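K.L.:
Please find the sequence and the predicted model below.
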Amino acid sequence: MHPDDKEILQLAQDSDRQNEALVLLMKKYKERLYWHIRKMVIIHEDADDLLQNTFMKAWKNLRNFRGDASLYTWLYKIATNETLNYINKKKESLLNEDADMEMMLGNMLETDALFSGDEIQKRLQKCLLALPEKQRLVFNMKYFDDMTYEQISQILGTSVGALKASYFHAVRKIEAFIKNEVF
Amino acid sequence: MDESIFGKKECPFRVPENYFEGFEDRFFERMKSEMEKKDKRRYKTVMAVVKPWLAMAASFLIIALVYYNIPRLFKGDFNANVVRELDEEFINSLALIIDENEINDLVIEEDTILIYPTDSLFLGSISEEDLFAVTYFE
């Protein structure tokens, strides 16, 4: 049984018990955040690094958290920003090496011992890698995490209408990829 | 959403064994090492700020040392000149009271022990004052 967010925040206000609050925060949200990150970066080690960075940032700013949004939304925002920044940086560095991130991660799915999906799931992941990051993010949050557009809107700071359009485009593209057997 | 097209909704990835169980410990270990790195970086930053000031202070010190030592060096030369003048005076005074051969015996190199000839007027040591006195009365 996880403690209430309010309890965690109250603990965080006490400088002597800040680490205790952080442990509770990690215990409560680490798994959900991990899977959110992992679906975007594919590689476990990268997801682990980004999850740690997320909690590091949360720890630094926990005392200043004003509570405008829920703790869960706030953490999701941090994790999403960390992940998107990481992907952009990695893409940039791969571009300098004349390599393609989509292809690299696609090949990794073939050999990754930590990928346990079947062929259809593998194909879906490859299709997702071909989408723009924002569409991939929206698709993951809607399809895999069953989040409502309102929840996604709070995390990504995008209007519900734009999110619906994003998801629609993502679905259409994936269907086309599958139909044309691109992957 | 049709799962036959997109596959099962469940996440197709796995994590290494006990990954989530040990997460907090790993996190705090990393936090500790990053704090240590940060402290080292902070020390380097402080040194980077202080270094030019230390260098400037050191150069001022060197300038001050040189400035105060130069007069002493010149003073040393000045004393040497005075000694040289006194030596010349001594020889000139001797010339008035003793013959050339005796002077040759006496003109010896600096810092050597004076050994006078047995028939010399100056058996034993002679001070400058004595010498001047002798010169004056002659």
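P.N.:
Sure, I can see it.
K.L.:
now the residue in chain A that chain B sits nearest to, what's its secondary structure?
P.N.:
When distances are taken as C-beta to the nearest C-beta, chain A approaches chain B most closely through residue A:117, which lies 2.6 Å from it. (C-beta placed from N, C-alpha, C; glycine too.) Under the three-state scheme (DSSP: H, G, I helix; E, B strand; the rest coil), residue A:117 adopts coil.
K.L.:
residue ranges for the helices of chain B, please.
P.N.:
Using DSSP state H, the helices assigned to chain B run over residues B:3-6, B:23-97, B:100-106, B:128-137.
K.L.:
OK, now which residue of chain B is nearest to chain A?
P.N.:
Closest contact between chain B and chain A, by C-beta to the nearest C-beta, is at residue B:12 (2.6 Å).
K.L.:
Without its sequence neighbours, what residue ends up closest to that residue?
P.N.:
residue A:117 (2.6 Å; C-beta to C-beta, 6 or more residues apart in numbering or on different chains).
K.L.:
next one: residue A:53
P.N.:
Here the nearest residue to residue A:53 in space, its sequence neighbours aside, is residue A:82; by C-beta to C-beta, 6+ apart that works out to 5.2 Å.
K.L.:
Give me the pLDDT for that neighbour.
P.N.:
For residue A:82, the model assigns a pLDDT of 96.
K.L.:
what residues are up against it?
P.N.:
The contact partners of residue A:82, taken as C-beta atoms under 8 Å, 6 or more residues apart in numbering or on different chains, are A:37, A:50, A:53, A:54, A:57.
K.L.:
For the second one, give me phi and psi.
P.N.:
Backbone geometry at residue A:50, expressed as degrees, to the nearest 10, gives phi -70, psi -30.
K.L.:
How many residues are close by it?
P.N.:
Counted with other C-beta atoms under 10 Å in any protein chain shown, the burial measure for residue A:50 works out to 23 neighbours.
K.L.:
which residues touch it?
P.N.:
Under the criterion of C-beta under 8 Å, 6+ apart, the neighbours of residue A:50 are A:37, A:41, A:79, A:82, A:83, A:86.
K.L.:
And those, which is closest to residue A:126?
P.N.:
For those, the minimum distance to residue A:126 (C-beta to C-beta) is 14.9 Å, reached by residue A:41.
K.L.:
related to what we said a few turns ago, in TSV, list the contacts of residue A:50 along with secondary structure.
P.N.:
Listed next are these as TSV, based on three-state DSSP:
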residue	secondary structure
A:37	helix
A:41	helix
A:79	helix
A:82	helix
A:83	helix
A:86	helix
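K.L.:
got those residues as CSV, with distance to residue A:145 columns?
P.N.:
Shown next, in CSV, are these (distance: C-beta to C-beta, whole Å):
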residue, distance to residue A:145
A:37, 12
A:41, 16
A:79, 12
A:82, 17
A:83, 14
A:86, 20
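K.L.:
picking that back up, quick one: least confident of the contacts of residue A:82?
P.N.:
Within the set of the contacts of residue A:82, pLDDT is lowest for residue A:57 (93).
K.L.:
which ones are touching that residue?
P.N.:
Residues near residue A:57 by C-beta under 8 Å, 6+ apart: A:78, A:82.
K.L.:
Reduced to three states, what does it come out as?
P.N.:
Secondary structure assignment for residue A:57 (three-state DSSP): helix.
K.L.:
Report pLDDT for residue A:113.
P.N.:
Spelled out, the predicted local distance difference test score at residue A:113 is 87.
K.L.:
Just the element for it, please.
P.N.:
Using DSSP states H and E, residue A:113 sits in no helix or strand.
K.L.:
Report the contact partners of it.
P.N.:
Contacts for residue A:113 were tallied using C-beta under 8 Å, 6+ apart; there are none.
K.L.:
change it to 10 Å
P.N.:
The neighbours of residue A:113, taking C-beta atoms under 10 Å, 6 or more residues apart in numbering or on different chains as the test, are A:44, B:14, B:16.
K.L.:
if we look at stretch A:72-79, which residues are touching it?
P.N.:
Residues outside stretch A:72-79 that contact it (C-beta under 10 Å, 6+ apart): A:5, A:25-26, A:28-30, A:32-34, A:36-37, A:40, A:47, A:50-51, A:53-58, A:61-62, A:65-70, A:141, A:145, A:147, A:151-152, A:154-157.
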